[in-house]
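**Student:** return atomic coordinates for the entry below.
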Amino acid sequence: MKKTDRKRGGHDHQDIRTGMAPESIAQAFLDHLYYSQGRIPALATRNDLYMALSYAVRDRLLARWFDGMQRYRKALGKDHFKAVCYLSAEFLPGPHLGNNLLNLGIYDETRQAMERLGLKLEEIVDQEEEPGLGNGGLGRLASCFMDSLATLDIPAVGYGIRYEFGIFDQEIRDGWQVEITDKWLRLGNPWEIPRPELSREVKLGGRTEHFRDGQGRLRVAWIPAGVVKGVPYDTPILGFRGNSCNTLRLWKAEAVESFDFQDFNVGNYYAAVEAKMKSETITKVLYPNDEPVIGKKLRLVQEYFFVSCSLQDMLRLCGLYGEPVEHMDRHLAAQLNDTHPSIAVAELMRLLVDEHDVAWDKAWEITCNTFGYTNHTLLPEALEKWPLQLFEQILPRHLEIVYEINRRFLELVRKAFPGDEQRAGRMSLIDEDGERHVRMAHLACVGSHAVNGVAELHSELLKQEVLRDFHELFPGKFHNVTNGVTPRRWMALINPRLSSLISGSIGDGWITDLHELRGLEPFAEDPEFRKEWQRVKLENKKELAAVIAQRTGTAVNPESLFDIQVKRLHEYKRQHLNVLHIITMYSRLKRNPETTCVPRTFIFGGKAAPGYAMAKLIIKLINSVAEVVNNDPDIHDRLKVIFLPDFNVKNGQHVYPAADLSEQISLAGKEASGTGNMKFSMNGALTIGTLDGANIEIREEVGEENFFLFGLRADEARELKARGYDPRLYCEANPALKEAVELIRTGHFSGGDTLLFAPLVDSLIGQDDYLLFADYQSYVDCQEKVSAAFQDQQAWTRMSILNVARMGKFSSDRSIKEYCENIWKVNPV
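**Tutor:** Predicted structure coming up:
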């Protein structure tokens with residue numbers, strides 16, 4: 001690092017802390033290197049450099065945070081003031097540094113500042129450890145929404161869990177996924193600010209006692225078996241180029257008393273710290289394996305812990321507003337992001353009735369008016385249910401409250417549908433079939449004023465199938481809010497070349513109003529613009545090729561068609577349908593090596609849940625096929641298969657800009673929305689997909705001629721299963737499909753081992769729950785159209801430009817505006 005005069009020169013203290021000029025940023029960086037990291041430049045590690053720069057950038061964030069707080073304080077007390085509280089068990093913010101530089105508008109200035117010191121900004125940005133606080137789309141959506149809330153000047157707090165160990169890091173060994181502990185906090189987190197003075201206590205277990213108070217009212221006291229403390233850690237979330245900065249508040253579990261001197265003094269050293277270790281286990285890891293009972297217990301405790309802390313904090317905010325708790329719903333709108341936080345319905349009732357002496361009916365009115373519930377799934381197994389015995393063991397008071405909510409609710413059901421006891425049984429908050437369970441999605445539906453799906457098809461299927469009974473009882477509750485993603489991170493930050501080309505042509509207003517991308521449409525007919533578009537895509541592909549070479553050791557051709565499927569591994573997402581097509585292409589080339597074909601690089605990425613054996617076997621199959629295809633001399637690099645390990649937000653930033661083809665091939669009627677489909681299209685990829693989730697709306701927007709459609713519709717898939725689907729018949733009737741399946745079954749991709757992939761093959765031939773065989777031929781035929789289209793690069797580029805130009809609907813800004821207008825009734829401040 002170059003030596004720099006440490007004198008401030010003409011800059012005053014305010015300039016160094018908040019100035020946006022390169023010299024102010026450079027000096028602030030050096031100050032933090034010395035005084036926050038305790039390092040001189042000559043001895044600084046790359047992490048020291050990252051921490052120092054992050055602190056310098058955080059100073060500038062905090063200035064806007066404080067400005068926003070002052071504006072919110074001035075708005076307090078006004079009847080129209082209302083803030084959003086977004087409750088989510090997952091947040092996947094991605095690396096903060098680059099995003100904050102973009103939103104502050106000082107990316108170039110910071111690069112100049114680092115260059116003056118002989119440093120490369122990109123290397124410092126790359127040092128950041130990604131916060132692994134989510135599993136996939138759910139957590140990333142929550143973070144996109146936080147970005148949009150701040151950008152749109154909507155006061156908001158995101159509430160979640162500060163997991164010490166996040167989603168596992170994925171390594172591939174001998175083709176298998178291996179889970180490695182995600183120690184994202186090991187080198188420090190410069191973005192968070194602990195707030196121990198705002199800690200909350202959370203009760204667990206024990207029993208309840210019923211008694212009458214001095215006024216003769218029936219009261220309930222919860223006598224817990226234990227109490228833990230929730231400590232909040234705040235991260236500022238800045239809007240784009242504005243002064244609004246909201247808060248992501250994550251809760252860490254600690255013991256109320258972390259050390260027992262009496263036990264220590266008598267030599268019982270383990271007992272002295274036992275409470276600390278047990279309490280901290282609650283927020284230790286994202287999504288513990290909930291197959292064993294102890295895992296289920298920890299999962300339920302996690303969800304209740306963060307919900308209780310958050311609701312207590314929200315009631316504290318009411319006090320700051322100078323409002324009684326009875327006015328909570330006037331000033332706070334709370335959104336339940338999927339079923340994980342749905343225990344909030346019972347917990348808010350407990351807090352209002354037991355601790356704030358609010359009458360039941362009034363408390364129920366406040367609760368329903370406060371909560372909205374977003375459902376994110378069509379898979380019945382993903383709608384959380386808790387064994388009643390376990391629920392009672394951990395939350396005895398809440399079970400009593402759930403029983404009372406259920407009693408009153410079923411009275412309403414029976415009044416609306418007299419004599420229909422089957423309906424009452426289906427809608428009950430308690431599942432009485434076999435072992436009794438508490439149905440958390442039902443609790444969320446009953447205790448919320450609004451229920452929404454996340455794509456038009458998904459919302460319709462909720463009303464027609466998954467939550468049909470609730471829709472028939474409460475039709476006015478149901479809404480659709482199609483998901484969106486933030487164009488700040490998913491275009492402006494990750495694809496600077498494309499962003500520069502777009503802004504140079506139509507201005508940069510699209511970054512906050514994505515509909516302005518429509519201005520690109522005339523440029524699709526401009527040969528020179530198409531040439532520049534192709535150049536940008538090729539440069540992005542070269543960057544991804546370098547990443548692939550570094551991480552997998554395999555060289556790929558950037559001029560080949562980059563065919564990409566990156567998402568969580570699940571059978572319904574049908575990564576194995578993609579593999580069947582690869583094997584079919586491979587077989588054709590093996591039969592006739594002289595055949596000409598469009599060179600393709602198939603790129604996969606995604607993590608399988610540690611306990612999901614079939615998903616992990618699909619990863620093994622992808623890597624086994626890659627091993628054979630990539631090393632077959634007959635193929636001559638015309639096909640390459642890559643599994644990119646440890647797919648996450650950070651790695652995704654290399655992937656989305658480089659894609660030619662986006663694989664969105666889930667069985668129709670299974671994907672709620674998807675957001676990867678949006679990120680790919682925004683960055684110029686064309687989509688091959690089914691009529692599932694948001695694919696339908698993307699196709700409507702970009703034009704059916706710019707979308708490669710295949711496969712059964714959702715209603716056709718249901719009808720096929722109802723008629724009695726036999727996958728074996730499809731396999732026998734299709735020679736190419738049979739050949740692909742036989743190559744897997746006979747061990748061609750497993751060194752002759754016929755047992756390795758037998759569970760997968762047997763599942764497909766015997767059940768094929770997600771209709772791969774039924775959609776196979778349509779998929780292969782559609783891929784032929786892809787190859788033909790890619791050979792005409794001018795036409796392909798035109799389609800790519802139009803995809804980007806017509807993606808305005810899929811900004812998370814539009815989603816948030818719809819929530820504000822239709823569900824939360826919240827206005828900008």
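
**Student:** distance of Val641 from Arg518?
**Tutor:** 37 Å (Cβ to Cβ, to the nearest Å). The way it works is simple: take the backbone N, C-alpha and C, and place the C-beta from them, glycine included.

**Student:** please apply the same query to Ile40.
**Tutor:** 53 Å.

**Student:** got the contact list for whichever strand or helix holds Gln565?
**Tutor:** Per DSSP states H and E, Gln565 falls inside strand 561-566. With Cβ atoms under 8 Å, 6 or more residues apart in numbering as the test, strand 561-566 has contacts from 541, 544, 575, 578, 598-606, 644, 647, 652, 655, 658-663, 665, 676, 680, 685, 786-787, 790.

**Student:** so for Val641 and Arg518, which sits in the more crowded spot?
**Tutor:** The residue with more neighbours, out of Val641 and Arg518, is Val641; 26 against 14, by other Cβ atoms under 10 Å.

**Student:** tell me the secondary structure at that one.
**Tutor:** Using DSSP: H, G, I helix; E, B strand; the rest coil, the structure places Val641 in strand.

**Student:** isn't it right up against Ala626?
**Tutor:** Yes: the criterion here is Cβ atoms under 8 Å, and Val641 meets it with Ala626 at 3.7 Å.

**Student:** which residues touch Gly507?
**Tutor:** 516, 519.

**Student:** ok, 7 Å please
**Tutor:** Contact analysis of Gly507 by Cβ atoms under 7 Å, 6 or more residues apart in numbering lists nothing.

**Student:** buried residues in the helix of greatest length in the chain?
**Tutor:** Longest among the helix segments of the chain by residue count, using DSSP state H, is helix 46-75. By neighbour count with 16 or more other Cβ atoms under 10 Å, helix 46-75 contains the buried residues 47-65, 68, 72, 75.

**Student:** kindly report the same for stretch 313-324.
**Tutor:** Buried residues in stretch 313-324 (16+ other Cβ under 10 Å): 313-315, 317-318, 321, 323.

**Student:** identify, from those, the entry nearest to Ile154.
**Tutor:** Leu317 (15.2 Å; Cβ to Cβ).

**Student:** name the nearest residue to the closest one, ignoring sequence neighbours.
**Tutor:** Leu332 (6.7 Å; Cβ to Cβ, 6 or more residues apart in numbering).

**Student:** okay, that neighbour and Gly158: tell me how far apart.
**Tutor:** From Leu332 to Gly158 the distance is 13 Å (Cβ to Cβ).

**Student:** again with Ile688
**Tutor:** 34 Å.

**Student:** swap in Ser624?
**Tutor:** Counting by Cβ to Cβ, the gap from Ser624 to Gly158 is 41 Å.

**Student:** same check on Asp357?
**Tutor:** 30 Å.

**Student:** of those two, who's got more company?
**Tutor:** Gly158 (26 against 13).

**Student:** neighbouring strands of the strand or helix carrying that one in the sheet, and parallel or not?
**Tutor:** Per DSSP H and E: Gly158 is located in strand 156-161. Strand 156-161 sits in its sheet next to strand 83-87 (parallel), strand 245-255 (parallel), going by DSSP bridges.

**Student:** what comes into contact with it?
**Tutor:** 83-91, 133, 142, 146, 149, 246-251, 283, 302, 306, 310.

**Student:** cool, stretch 391-398 as well?
**Tutor:** 204-208, 220, 222, 297, 300-301, 304, 343, 346-347, 350, 399, 438.

**Student:** straight-line length of that stretch, end to end?
**Tutor:** 8 Å (Cα to Cα, to the nearest Å).

**Student:** quick one, phi psi at the residue nearest to Leu185 when sequence neighbours are not counted?
**Tutor:** Distance criterion Cβ to Cβ, 6+ apart; nearest residue to Leu185, sequence neighbours excluded, is Glu164 at 6.3 Å. As for Glu164, its main-chain torsions (degrees, to the nearest 10) stand at phi -70, psi -40.

**Student:** and Glu164, what is it in contact with?
**Tutor:** So Glu164 contacts 185, 283-284 (Cβ under 7 Å, 6+ apart).

**Student:** nearest to Glu697 among those residues?
**Tutor:** Using Cβ to Cβ, the contacts of Glu164 come closest to Glu697 at Thr283, 36.9 Å.

**Student:** number of nearby residues for that closest one?
**Tutor:** 24.

**Student:** quick check: closest non-adjacent residue to it.
**Tutor:** Ala253 (4.4 Å).

**Student:** hmm, back to that, can I assume the residue nearest to Leu317 is in contact with Leu87?
**Tutor:** No: using Cβ atoms under 7 Å as the test, Leu332 is too far from Leu87 to be in contact (11.3 Å).

**Student:** between the two, which contacts overlap?
**Tutor:** By Cβ under 7 Å, 6+ apart, no residue touches both Leu332 and Leu87.

**Student:** re earlier: and the contacts of strand 561-566, which of them are in strands?
**Tutor:** The strands, defined by DSSP state E, take in 600-605, 661-663 from these.

**Student:** and Arg39, what helix or strand is that in?
**Tutor:** Applying DSSP H and E, one finds Arg39 in no helix or strand.

**Student:** which pLDDT does the model give it?
**Tutor:** pLDDT, Arg39: 96.

**Student:** so what's it up against?
**Tutor:** Counting by Cβ under 7 Å, 6+ apart, Arg39 has contacts 33, 48.

**Student:** and if we set it to 8 Å?
**Tutor:** Arg39 touches 33, 45, 48, 52, counting by Cβ under 8 Å, 6+ apart.

**Student:** now render the residues you listed as CSV, adding pLDDT and distance to Gln464.
**Tutor:** Shown next, in CSV, are the contacts of Arg39 (pLDDT from 0 to 100; distance: Cβ to Cβ, whole Å):
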residue, pLDDT, distance to Gln464
Leu33, 98, 60
Thr45, 97, 57
Asp48, 98, 57
Ala52, 98, 56
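
**Student:** Ala549: which of those residues is nearest?
**Tutor:** Nearest to Ala549 out of the contacts of Arg39 is Thr45 (Cβ to Cβ; 26.2 Å).

**Student:** can you tell me the closest non-neighbouring residue to that closest one?
**Tutor:** Nearest to Thr45 is Arg39, by Cβ to Cβ, 6+ apart, at 7.8 Å.

**Student:** if we can go back for a sec, pretty sure the residue nearest to Thr283 is touching Met277, no?
**Tutor:** No: with contact defined as Cβ under 8 Å, Ala253 does not reach Met277; the gap is 11.0 Å.

**Student:** so the two - more neighbours on which side?
**Tutor:** Ala253 (24 against 12).

**Student:** now do the helices in the stretch 301-450 of the chain.
**Tutor:** With helices called from DSSP state H, counting those that start in this stretch, the stretch 301-450 of the chain shows them at 328-331, 344-350, 360-370, 388-394, 396-416, 421-427, 440-446.

**Student:** which of those sits closest to Gly230?
**Tutor:** Nearest of the helices of the stretch 301-450 of the chain (Cβ to Cβ): helix 344-350, 12.8 Å.

**Student:** no further queries at this time; thank you.
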